[in-house]
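Visitor: Here you go, sequence then predicted model.
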Amino acid sequence: MAFKWLSLVALTLALSPAPEVGADGHDRQFSGVWLLQFEGSTFVEGATATPTEPLPVAATDWLDYPFDQPRLDELVEEPGYDDDRGCYTIQPFLVTFIGHRIQRPFGAGHMGLWRSQVTVHRTVSFERLGPAFCYGDRP
């Protein structure tokens, strides 16, 4: 009987959604570079230019940027594969916004690969840093 009870408790815990940890509960201003690509939304806090080489996603944040923000649809292209370049292109943006960071025990973003999730609540500034690119294209 004790085994059945423990099994039920273990199953319930395993199927429960993972709690958010490390959320400070306070919105604050963030600034940095957002790299948007197919199945990727990398935020590099504090950066002012596009990184010259790919950064490990485990050292960056997943940026949850709601597309209902003003002017976003004017500046963002549909992420996708570029047959001529043979890669999924990356769109670089310099962003400042009000939002919050949440850390989850199993990572954030696509497949939980990023260290945390930063969610945008209100855009302060948003500008494109250049055309979509592939890291193999960069000098």
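Guide: Received the coordinates, thanks.

Visitor: so who does residue 95 touch?
Guide: 30-34, 43, 63, 65, 120, 123, 125-127 (C-beta atoms under 8 Å, 6 or more residues apart in numbering). C-beta here means a position set from N, CA and C on the backbone, and glycine is covered the same way.

Visitor: now do 7 Å
Guide: 32, 34, 126 (C-beta atoms under 7 Å, 6 or more residues apart in numbering).

Visitor: Ranking by neighbours, what's the top pick from the residues you listed?
Guide: For the contacts of residue 95, the largest neighbour count, defined by other C-beta atoms under 10 Å, is 24 neighbours, found at residue 34.

Visitor: Local confidence estimate at it?
Guide: pLDDT recorded at residue 34 is 95.

Visitor: just the helices in this protein please.
Guide: 2-15, 72-75 (DSSP state H).

Visitor: Mind telling me which of those the model trusts least?
Guide: helix 2-15 (a mean of 43).

Visitor: Tell me where this structure has strands.
Guide: 28-37, 40-45, 61-64, 81-82, 87-88, 91-102, 116-128 (DSSP state E).

Visitor: Could I get the ones you listed in TSV, plus columns for distance to residue 108?
Guide: Listed next are the strands of the chain as TSV, based on distance: least, C-beta to C-beta, whole Å:
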stretch	distance to residue 108
strand 28-37	15
strand 40-45	10
strand 61-64	4
strand 81-82	24
strand 87-88	20
strand 91-102	7
strand 116-128	4
